[in-house]
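Asker: Quick one, what's the 3D model for this:
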Amino acid sequence: MSNRSSTQLKALYPYSFEAKDKRENFPAPLLYIGWEDHHLFCSPVCLPLPAETPFGALSQAVLPGVYGAHPDFARIDWNAVEWFKSGEPWQPDPARSLAENGLGHKDVIRFRTPGMTGIAGSFA
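Answerer: Reported below is the predicted structural model:
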């Protein structure tokens with residue numbers, strides 16, 4: 001279990017309108033991705049990624065465009081990265097697609113880079 005707390009929301013009233021964030025309103029399923037211990041990015045990013053995208057493409061083709069400006073990004077050892085799905089430790093298979101790794105619309109994944117805690121260790 002992660003040492004991070006999770007929050008569950010409870011609606012106080014029934015929704016009386018159609019959700020605008022349903023899958024069919026986007027070109028691809030939305031995936032939220034966050035980089036732990038790096039507060040230069042205040043929240044996870046939300047990306048429309050085709051379900052057939054290989055998970056390994058995240059580190060090689062997707063995340064460099066999102067987080068590549070951070071001075072730690074080029075030093076990431078992707079073999080040591082710790083992944084979390086909905087706050088729980090998770091081992092994705094980089095050769096399998098996002099869907100084959102169980103990721104769907106509006107799922108949340110985060111990654112932690114051991115030994116890296118923000119610019120000059122600013123997250124402590």
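Asker: pLDDT averaged over the longest helix seen in the chain, what's the number?
Answerer: Ranked by number of residues, the top helix in the chain under DSSP state H is helix 63-67. The pLDDT scores in helix 63-67 average 95.
Asker: same deal with stretch 76-90?
Answerer: 95.
Asker: my read is Pro92 is in a helix, agree?
Answerer: No: counting by DSSP: H, G, I helix; E, B strand; the rest coil, Pro92 is not found in a helix; it is coil.
Asker: List the residues that contact it.
Answerer: By CB atoms under 8 Å, 6 or more residues apart in numbering, the contact set of Pro92 is Phe55, Trp83, Lys85, Asn101, Ile109. Every C-beta, even on glycine, is put in place using the N, C-alpha and C of the backbone.
Asker: hmm, try it at 10 Å
Answerer: Going by CB atoms under 10 Å, 6 or more residues apart in numbering, Pro92 touches 55-56, 58, 81, 83, 85, 98, 100-103, 109, 111.
Asker: next one: Ala19
Answerer: Going by CB under 10 Å, 6+ apart, Ala19 touches Asn25.
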